[in-house]
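Asks: Fold the following, please.
(2 chains)
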Amino acid sequence: ETGVTQTPRHLVMGMTNKKSLKCEQHLGHNAMYWYKQSAKKPLELMFVYNFKEQTENNSVPSRFSPECPNSSHLFLHLHTLQPEDSALYLCASSREIRVAGTGELFFGEGSRLTVL
Amino acid sequence: AQSVAQPEDQVNVAEGNPLTVKCTYSVSGNPYLFWYVQYPNRGLQFLLKYITGDNLVKGSYGFEAEFNKSQTSFHLKKPSALVSDSALYFCAVRDEDGANNLFFGTGTRLTVIP
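Replies: Reported below is the predicted structural model:
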């Protein structure tokens, strides 16, 4: 148990559906992240939030829309996705985004997304 | 720009034998280096990190890693492998001035054979 909980664990959706992924952390951290994990590729950082403010968007298509209502919750809203968006989406948190000397991220177990 | 290379997609080792998972990195300044492990159907778990100081870093579950600045490497090692060590291992790097944006490698799948 890492203190970061993601739901749902598995999601199958059509290309015209709208769905959301949810992440909640119970660690009192201030920074939260969305990563995309595809087979045989490096983990791709998608979004970073620090104290609820988005600090990074790594050229992610607009069909992915993040939301961070508070420091404990992070959402990823999905609509009109493509089959190549099928992947494991990982949420992570850390105390701050500039944690000099540490940099330890705490990851959730991921949401496995399949787009048909 | 920061980057990490894990040259081996797969490493097989017999139980009880020493294991090494390789990682080389590229970063503009001084590197902060990390190893994470991912067990099946789980998220990534932090194993160990190098920030500064002793080049040999000890981490969780008996793992250690050696920082080699001249070879820009940070190989993960364990003296005696266990079957339960079988997992996907990720090396990650960021530079000392960067935000907490870790650049991960593609991962190495370690299989320990009983």
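
Asks: Can you pull the residues of chain A lying near chain B?
Replies: Residues of chain A lying close to chain B by Cβ under 8 Å from any Cβ of the partner chain are A:2, A:4, A:6, A:31, A:40-43, A:45, A:48, A:55-56, A:90, A:92, A:94, A:96-110. In this view, the C-beta of every residue, glycine as well, is placed from N, C-alpha and C.

Asks: try 7 Å this time
Replies: Counting by Cβ under 7 Å from any Cβ of the partner chain, chain A comes close to chain B at A:2, A:31, A:40-43, A:45, A:48, A:56, A:90, A:94, A:97-99, A:101, A:103-105, A:107-110.

Asks: Just the buried ones from those, in ChimeraX syntax?
Replies: Here is the ChimeraX command that selects the buried residues among the residues of chain A next to chain B (16 or more other Cβ atoms under 10 Å in any protein chain shown):
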select /A:2,31,42,43,45,48,56,90,94,97,99,103,105,107,108,109,110
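
Asks: So which of the residues of chain A next to chain B belong to strands?
Replies: Under the assignment DSSP state E, the residues of chain A next to chain B contribute A:31, A:45, A:48, A:56, A:90, A:94, A:107 to strands.

Asks: Just flag the most distant two among these.
Replies: Spanning the widest gap among those are A:E56 and A:F107, at 17.1 Å by Cβ to Cβ.

Asks: What is the neighbour count of the residue in chain B positioned nearest to chain A?
Replies: When distances are taken as Cβ to the nearest Cβ, chain B reaches nearest to chain A at B:G43, 3.5 Å away. B:G43 has 22 neighbours, counted by other Cβ atoms under 10 Å in any protein chain shown.

Asks: give the contact list for it.
Replies: Residues in contact with B:G43, defined by Cβ atoms under 7 Å, 6 or more residues apart in numbering or on different chains, are A:2, A:90, A:107-110.

Asks: Just send the residues you listed back as CSV, with distance to B:V93 too.
Replies: Converted to CSV, the contacts of B:G43 look like this (distance: Cβ to Cβ, whole Å):
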residue, distance to B:V93
A:T2, 21
A:L90, 18
A:F107, 17
A:G108, 22
A:E109, 24
A:G110, 22
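
Asks: from these, which single one is nearest chain B?
Replies: A:F107 (3.5 Å).

Asks: residues touching the closest one, list them.
Replies: Contacts for A:F107 were tallied using Cβ under 7 Å, 6+ apart; they are A:2, A:4, A:90, A:92, B:43-44.
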